[in-house]
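Undergrad: I'll drop the sequence and a predicted model, then ask my questions.
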Amino acid sequence: MSIDRETFETASEAELADLSIADRVLGFLGSNDDRAFKAAEIAQRIDLDTGAVSTALSRLKERGLVEHKAAYWAVVDDTERLDRYDGYSRATALFNEQLGAEDRDEWREHAPDEPHPSQQGSDE
């Protein structure tokens, strides 16, 4: 995952290395909690290997933090469970710090109803 130059210059090395693959996956799904994604799409969006993302998703499912149906994955809507997971809190805080807090209503107002054509037809 790339970061902007300001974050590169101002963040400590520990802050930049702090997020595990599972944290990044859960952070992505948490910030897109109104949608479900295939593992390959998650990997593409957060710039990780699909195999690593699939492994992280399986482990997150075992912890009850994500749900899986067919080829799709989504974060659970159990906010208490998510709040108890330290990595989710760290990922959300880091993404909010780097990118700003998300205005979900504004995002939903401009979100497309269908996936981008380049992402249709992907099996995984």
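TA: Yes, it's here. Numbering: from 1, shown residues only.

Undergrad: residue contacts, residue 72?
TA: Taking CB atoms under 8 Å, 6 or more residues apart in numbering as the criterion, residue 72 is in contact with 36, 37, 38. Just so you know, the C-beta spots here come from the backbone N, C-alpha and C atoms, and that holds for glycine as well.

Undergrad: wait, which of the residues you listed is closest to residue 68?
TA: Nearest to residue 68 among these: residue 36, at 9.0 Å, using CB to CB.

Undergrad: Of the contacts of residue 72, just the buried ones, ChimeraX syntax please.
TA: This is the ChimeraX syntax for the buried subset of these, where burial follows 16 or more other CB atoms under 10 Å:
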select :36,37,38
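
Undergrad: buried sites along the helix or strand that residue 80 is a member of?
TA: Residue 80 belongs to helix 79-84 when assigned by DSSP states H and E. Residues residue 82 are the ones in helix 79-84 that count as buried (16+ other CB under 10 Å).

Undergrad: now for it, which elements pack on it?
TA: Packed against helix 79-84 by the contact rule (3 or more CB pairs under 8 Å, 6 or more residues apart in numbering; DSSP states H and E) you find no helix or strand.

Undergrad: can you rerun that using 10 Å?
TA: Taking 3 or more CB pairs under 10 Å, 6 or more residues apart in numbering; DSSP states H and E as contact, the helices and strands that helix 79-84 lies on are helix 21-31, helix 86-99.

Undergrad: Good, we can wrap up now.
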